[in-house]
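> Make a model of this:
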Amino acid sequence: MRKLHFAVLGALLGVWTLAVQFAAQPSAANSEPPLSWMDPDTGHRVVRLTKEPGSASLYFNQNGYLPDGKRLIYTTPGGISVLNLETRESRQIVEGRVRIIEAGRRNPRVYYIREGAVWFTDVDTGDTRKIAALPRGGSLATVNADETLLAGTYVEDSGAAAPRTGVTPPTVPAPTGPQPAAGTLQPANRESSLEARWAARLPMALYTVNIQTGDIRVIHRSNDWLNHLLFSPTDPSLLMFCHEGPWHLVDRIWTIRSGGTDLKKIHTRTMAMEIFGHEFWSADGKTIWYDLQTPRGEDFWLAGYRVDTGARTWYHLQRNEWSIHFNVTRDGALFCGDGGDPGQVARAPDGQWIYLFRPELIPNRGIQDPFFIQPGMLRAERLVNMSRHQYRLEPNVSFTPDQKWVVFRSNMFGPSYVFAVEVAKAGPAAKP
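Purely as a prediction, here's the structure:
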């Protein structure tokens, strides 16, 4: 009888322990997500920044922070809003169905596309101006450092496509307008769609728009699929772009001057099935960082290229630590990543986390050669358990300008919201 009583007591204690552990986790069944919680698996504080279901922070390499460093631009189903990171107060600044481009780095503006034209709105005054009508099927993706130019692409009406030999081109016309909005889900058949569009080799133009005058200027033409445009955050004339498509088939990363000169390939493949992409700038504009895999899905690096010297740094990661997107603090001392589920290219069995990375270079005690790659490691710390998140919506991490928080979007409660996790371990902390 005594053994039975102990067995029953043990079972009850087990149930009670599980109940406490579950209560510590935010519940997806709640009608409204919590405003703040402590992640029991990591010891880091997480806060919800937005109140609107369906709200989302920007794509990982789009600038979403206003020049004062205290306000964040984000999207909602009803338009574009701004959030004060100190008070967490928000307000709508653009109403209606629009496609956001970026926040300005010099002026408190947000740039966006509406009804076939590009506009900006001043966040402080509400003043709104139409800059220019877009070319037919045109998109715009980035604003330069001094807010004098925007850059985008379009498929040209004239000129024949040149399908790649040995690859079946698409049987239906590929979309020629802007790419899906940053907050939308990735399509389930994304890779086959990428290959079909890449194989078509449609004639494309890369162009700039003068923000003051509205003048449009084509600076580069190609039958490669031009995408992922991103101006340097410090050099107004330096533009990065990619040859889009399946990463194992393209020489992806390029730079060009806004006048159409100095076209440069940033990375050259050295083995079959080597892939690289999801490129982004360091805050000082000196380094292009990108995901590098040698080969695809097997060995993982965060690679850096210095645009002034050509020096290269590769930081190694473990499989579970690979992330769909990475980002870096303004001082370059820390990186973050948004992880990935087992369906991603890394096939990570336990990769569903928001990560903090501390870079560590490997000392060179051998041959000193300026052409050698400087290797290193990223030492990972888990910040947020993302096991409830559905990764068809990419979290798209970024550091706040004060470097104290990592901002991301998540559907862990059903609809998407914008969240932030504190970089420091839990304890009394100010609002982000």
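> So in that sheet, which strands flank the longest strand along the chain, and in what orientation?
Secondary structure assigned by DSSP state E gives strand 374-385 as the longest strand of the chain. Using DSSP bridges, strand 374-385 pairs in its sheet with strand 312-317 (parallel), strand 353-361 (antiparallel).
> Mind giving me the packing neighbours of the helix or strand following the first one?
Next in sequence after strand 312-317, counting helices and strands by DSSP states H and E, comes strand 326-328. For strand 326-328, the helices and strands in contact under the criterion 3 or more CB pairs under 8 Å, 6 or more residues apart in numbering; DSSP states H and E are strand 275-281, strand 287-293, strand 335-337, strand 398-399. Every C-beta, even on glycine, is put in place using the N, C-alpha and C of the backbone.
> quick one: the residue most central in space within the chain and Ser323, what's the gap?
Centrality entry for the chain: nearest residue to the mean C-alpha point is Phe60, 2.0 Å, by CA atoms, centre = their mean. Remark: distance between Phe60 and Ser323 (CB to CB, to the nearest Å) = 10 Å.
> Ser398 too?
Taking CB to CB as the measure, Ser398 falls 13 Å from Ser323.
> Pick out whichever of these two has more residues nearby.
Comparing Ser398 with Ser323 by other CB atoms under 10 Å, the one with more neighbours is Ser323, at 31 against 27.
> Would you agree that one is in contact with Gln344?
No - assessed by CB atoms under 8 Å, Ser323 is found out of contact with Gln344, at 9.1 Å.
> Can you check which residues contact both of these two?
Common contact partners of Ser323 and Gln344 (CB atoms under 8 Å, 6 or more residues apart in numbering): Gly351.
> in the stretch 101-250 of the chain, which spans are strands?
109-114, 117-122, 128-133, 139-143, 149-155, 204-210, 216-222, 226-231, 238-243 (DSSP state E, counting those that start in this stretch).
> export the ones you listed to a markdown table and tack on distance to Val94 and mean pLDDT?
Shown next, in a markdown table, are the strands of the stretch 101-250 of the chain (distance: least, CB to CB, whole Å; pLDDT from 0 to 100):
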| stretch | distance to Val94 | mean pLDDT |
| --- | --- | --- |
| strand 109-114 | 6 | 98 |
| strand 117-122 | 5 | 98 |
| strand 128-133 | 8 | 98 |
| strand 139-143 | 15 | 98 |
| strand 149-155 | 16 | 98 |
| strand 204-210 | 18 | 98 |
| strand 216-222 | 23 | 98 |
| strand 226-231 | 21 | 98 |
| strand 238-243 | 25 | 98 |
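> tell me the pLDDT at Val172?
As predicted, Val172 sits at a pLDDT of 32.
> Report how many residues lie close to Arg409.
26.
> and Thr142, how far is that from Asp251?
21 Å.
> And for Pro375?
From Pro375 to Asp251 the distance is 23 Å (CB to CB).
> and if you look at Val397?
Taken as CB to CB, the span from Val397 to Asp251 is 27 Å.
> Tell me which of those two has more neighbours.
Higher neighbour count among Val397 and Asp251: Val397, with 27 against 14, using other CB under 10 Å.
> If I follow the layout properly, the more buried one ends up in contact with Cys336?
Yes - using CB under 8 Å, Val397 is in contact with Cys336, at 4.7 Å.
> Now the common contact residues for these two.
Phe326, Asn327, Ile354, Val406.
> Excluding chain neighbours, what is closest to the third one?
The one in question is Ile354. Val384 (3.9 Å; CB to CB, 6 or more residues apart in numbering).
> Wait, that neighbour touches Asp39, no?
Yes - Val384 lies in contact with Asp39 (CB under 8 Å); the separation is 5.5 Å.
> Residues that sit against both of those two, list them.
Counting by CB under 8 Å, 6+ apart, the common neighbours of Val384 and Asp39 are Val46, Val421.
> between those two, which one's more packed in?
Between Val384 and Asp39, Val384 has the larger neighbour count (other CB under 10 Å), namely 28 against 22.
> ok, the more buried one to Pro395 distance?
9 Å.
> Determine the residues that are contacts of both of these two.
Ile354, Phe408.
> Which one of the shared contacts of Val397 and Cys336 is nearest to Ile101?
Taking CB to CB as the measure, Ile101 lies nearest Asn327 of the shared contacts of Val397 and Cys336, at 18.6 Å.
> can you pull the contacts of that closest one?
Counted by CB under 8 Å, 6+ apart, Asn327 has contacts Phe60, Asn61, Phe280, Phe335, Cys336, Gly337, Val397, Ser398, Phe399.
> One more: Thr400?
By CB under 8 Å, 6+ apart, the residues touching Thr400 are Tyr65, Gly69, Leu72, Leu85, Val406, Val407, Ala420, Pro432.
> Make a markdown table from those and add secondary structure, neighbour count and pLDDT to it.
Output for those, formatted as a markdown table (DSSP: H, G, I helix; E, B strand; the rest coil; neighbours: other CB atoms under 10 Å; pLDDT from 0 to 100):
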| residue | secondary structure | neighbour count | pLDDT |
| --- | --- | --- | --- |
| Tyr65 | strand | 20 | 98 |
| Gly69 | coil | 12 | 97 |
| Leu72 | strand | 26 | 98 |
| Leu85 | coil | 23 | 97 |
| Val406 | strand | 29 | 98 |
| Val407 | strand | 28 | 98 |
| Ala420 | strand | 26 | 98 |
| Pro432 | coil | 21 | 56 |
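> sorry, back to before: which one of the strands of the stretch 101-250 of the chain lies nearest to Gly43?
Going by CB to CB, the one of the strands of the stretch 101-250 of the chain nearest Gly43 is strand 226-231, 34.3 Å.
> Report all helices and strands that that closest one contacts.
Strand 226-231 packs on strand 139-143, strand 149-155, strand 204-210, strand 238-243, strand 275-281, going by 3+ CB pairs under 8 Å, 6+ apart.
> For the ones you listed, could you give me JSON lines that also reports distance to Asp331 and mean neighbour count?
Below are these laid out as JSON lines (distance: least, CB to CB, whole Å; neighbours: other CB atoms under 10 Å):
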{"stretch": "strand 139-143", "distance to Asp331": "23", "mean neighbour count": "24"}
{"stretch": "strand 149-155", "distance to Asp331": "27", "mean neighbour count": "24"}
{"stretch": "strand 204-210", "distance to Asp331": "31", "mean neighbour count": "21"}
{"stretch": "strand 238-243", "distance to Asp331": "21", "mean neighbour count": "23"}
{"stretch": "strand 275-281", "distance to Asp331": "14", "mean neighbour count": "21"}
